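need a 3D model of the sequence below.
(one chain, ligands or ions: 1)
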Amino acid sequence: MRNQNVVSDEVINTLIAVAAFISNLPVLPSATVPESLAVLGGFWGMPHKNIVKRLEDAKVSAWIDSMRASSPTRAKSETQEKRSWTLYHPSALSTFEQIIYNSKGKQIVVFLDYDGTLSPIVADPDKAFMTRKMRATLKGIARHFPTAIVTGRCRDKVYNFVKLAEVYYAGSHGMDIKGPTKIESLKQDNNKAVSFQPASQFLPMIDEVYKILLEKTKCVPGAKVENNKFCLSVHFRCVDEKSWAALAEKVRLVLNEYPQLRLTQGRKVLEIRPTIKWDKGKALEFLLESLGYENSNDVFPIYIGDDRTDEDAFKVLRSRGQGIGILVSRVPKETDASYTLQDPSEASPLYDHKFTHDQPFISYIVNGESEKEKKKSIV
Ligand SMILES: O=P(O)(O)OC[C@H]1O[C@H](O[C@H]2O[C@H](CO)[C@@H](O)[C@H](O)[C@H]2O)[C@H](O)[C@@H](O)[C@@H]1O
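Alright, predicted model coming up:
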């Protein structure tokens with residue numbers, strides 16, 4: 001018979017699984033999880049210190065599992081599920097005509113992630129350049145539709161990669177938005193531009209943590225800390241897998257001192273950001289509002305992204321029942337996107353197809369309007 005006063009491994013493992021699960025949830029400050037569960041440990045007669053240690057280890061190991069899995073989480077059995085995945089998330093290229101049909105008569109607004117969508121993933125984040133062809137295509141899109149880049153990058157940095165003034169930019173995972181607006185109440189300084197920075201009070205803290213992380217991670221070969229203004233990235237793409245645990249532990253120790261910051265994850269990158277309820281989905285909603293489409297049924301947002309953080313935007317589109325999300329991925333992944341593209345190079349022909357080859361996309365959606373008129377109506 002079991003001793004009721006002793007915590008069995010099963011109970012501990014359940015607690016650890018719960019803690020690991022919670023530690024992956026974005027909103028809870030890291031320090032609260034072990035503490036609250038330690039209370040349960042005490043109830044079952046387990047010393048607080050012991051359970052806190054095991055829970056913290058569990059958190060790091062959950063991070064590492066997640067680091068290995070890349071992003072978004074891959075579906076369980078790739079080969080088995082690939083077929084049904086493709087069925088539920090068909091290629092945006094092969095269903096192109098259907099997408100166009102659904103957008104008929106509506107104002108298309110295009111949202112694009114940067115890394116892995118407009119630029120290929122490369123080892124050095126400072127060298128993630130767009131091809132000239134992609135820039136020309138993007139310029140073409142922005143000429144016809146309101147177009148926004150929604151990225152984890154610092155806004156200035158992504159602007160330096162893209163260099164197109166006609167595009168809206170939502171940097172730092174949407175926490176730094178700039179672009180034109182039609183809505184009077186959103187206009188700033190009597191000009192037509194909108195600017196929104198919901199996390200500005202976190203700037204000093206982000207700078208402080210950036211310096212600490214630079215110092216703490218400099219002994220991990222290949223680790224790179226990137227300051228994205230309202231959030232930080234700790235890259236581990238070039239770190240030997242054997243050192244991932246050590247790196248994650250260093251990041252965890254720093255974050256323990258800053259409960260107002262939380263951790264999310266992208267492609268081989270740990271992302272640190274304020275615990276405010278703001279993400280790429282909220283940025284999408286904000287931009288739609290600033291364009292005057294808050295409660296409109298006549299808008300058709302298209303969001304293309306490759307990353308776990310883009311899921312927030314896909315979710316918003318699903319719950320609005322408007323437009324479509326397109327995930328750029330070669331492998332089956334859990335996603336709220338409706339359609340898929342294999343990689344940025346496949347996304348490019350999609351854009352090109354629209355804008356340079358017979359322009360079927362344009363001719364379908366403008367409903368008889370000349371392109372000039374269309375352009376006028378979306379300024
Ligand atoms: O929202 P995104 O535009 O997708 O930004 C997310 C992160 O993108 C960048 O990192 C990713 O791309 C790098 C360059 O290809 C690659 O080296 C890295 O492994 C990827 O995670 C950017 O550097 C990060 O700061 C962004 O958080």
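
okay, CA-based contacts and neighbour counts for the rest of this
Fine.

so for the helix or strand residue 281 falls within, mean pLDDT?
For residue 281, the enclosing helix or strand under DSSP states H and E is helix 280-290. Mean pLDDT, helix 280-290: 95.

ok, then the element right after that helix?
The first helix or strand that comes after helix 280-290 along the chain, using DSSP H and E, is strand 299-305.

tell me what the helix holding residue 281 is packed against?
Packing partners of helix 280-290 (3 or more Cα pairs under 8 Å, 6 or more residues apart in numbering; DSSP states H and E): helix 311-320.

angle of the helix holding residue 281 against strand 299-305?
In terms of direction (axes from the mean of the first three to the mean of the last three Cα atoms, to 10 degrees), helix 280-290 departs from strand 299-305 by 150 degrees.

can I get the CA coordinates of helix 280-290 in CSV?
Written as CSV, here are the backbone C-alpha positions of helix 280-290 (Å, rounded to 0.1, in the frame of the first residue of the first chain):
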residue,chain,number,x,y,z
LYS,A,280,1.0,39.6,-34.0
GLY,A,281,-2.7,38.9,-33.8
LYS,A,282,-3.4,42.1,-31.9
ALA,A,283,-1.2,44.0,-34.3
LEU,A,284,-3.2,42.6,-37.3
GLU,A,285,-6.4,43.8,-35.6
PHE,A,286,-4.9,47.2,-34.8
LEU,A,287,-3.8,47.6,-38.4
LEU,A,288,-7.2,46.6,-39.8
GLU,A,289,-8.8,49.2,-37.5
SER,A,290,-6.4,51.9,-38.5
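
tell me if it is near the ligand.
No: using Cα under 6 Å from any ligand atom as the criterion, no contacts between helix 280-290 and the ligand are found, and the smallest distance is 8.5 Å.

which residue is the nearest non-sequential neighbour of residue 164?
Leaving aside its sequence neighbours, residue 164 sits nearest to residue 139 (Cα to Cα, 6 or more residues apart in numbering; 7.2 Å).

that neighbour and the ligand: what is the separation?
As defined by Cα to the nearest ligand atom, to the nearest Å, residue 139 lies at a distance of 18 Å from the ligand.

contact partners of stretch 212-230?
The set of residues external to stretch 212-230 that reach it, using Cα atoms under 8 Å, 6 or more residues apart in numbering, is 152-155, 172, 175-176, 199-200, 202-203, 206-207, 210, 232-240, 243, 247, 250-251, 254, 273-274.

which positions in the protein make contact with the ligand?
Counting by Cα under 6 Å from any ligand atom, the positions of the chain adjacent to the ligand are 113-115, 120-125, 128, 151-153, 226, 233, 237, 266-269, 307.

and the helix or strand hosting the residue nearest to residue 164, what does it pack onto?
Remark: residue 139 resides in helix 132-144, with elements defined by DSSP H and E. Judged by 3+ Cα pairs under 8 Å, 6+ apart, helix 132-144 is in contact with helix 344-355, helix 371-378.

and those, which one is worst for confidence?
For the helices and strands packed on helix 132-144, the bottom mean pLDDT is recorded on helix 371-378, which sits at a mean of 39.

lowest-confidence helix or strand of this structure?
Lowest mean confidence among the helices and strands of the chain (mean pLDDT, DSSP states H and E): helix 32-43, at a mean of 27.

SS state for the residue of the stretch 1-150 of the chain found nearest the ligand?
The stretch 1-150 of the chain approaches the ligand most closely through residue 121 (3.2 Å), counting by Cα to the nearest ligand atom. Reducing the assignment at residue 121 to three states with DSSP: H, G, I helix; E, B strand; the rest coil gives coil.

how far away is it from residue 266?
As for residue 121, its distance to residue 266 is 12 Å (criterion: Cα to Cα, to the nearest Å).

those two: who's more crowded?
Ranked by neighbour count (other Cα atoms under 10 Å), residue 121 and residue 266 place residue 266 first, with 20 against 17.

what stretches of the stretch 51-200 of the chain score poorly on pLDDT?
Of all residues in the stretch 51-200 of the chain, those with pLDDT under 70 make up the ranges 51-59, 69-80, 180-192.

of the residues of the chain next to the ligand, buried ones?
When burial is judged by neighbour count using 16 or more other Cα atoms under 10 Å, the buried members of those are 113-115, 120-121, 128, 151-153, 226, 233, 237, 266-269, 307.

among those, which are in helices?
The helices, defined by DSSP state H, take in nothing from those.

now intersect those with the strands, please.
Where those overlap with strands, as defined by DSSP state E, the overlap consists of 226, 233, 266, 269.

was I right about the last one contacting residue 233?
Yes: here residue 269 lies in contact with residue 233, judged by Cα atoms under 8 Å, at a distance of 6.2 Å.

okay, helices next: where are they in the stretch 101-250 of the chain?
Per DSSP state H, counting those that start in this stretch, the stretch 101-250 of the chain has helices spanning 132-144, 155-162, 203-217, 244-256. These are given in chain order.
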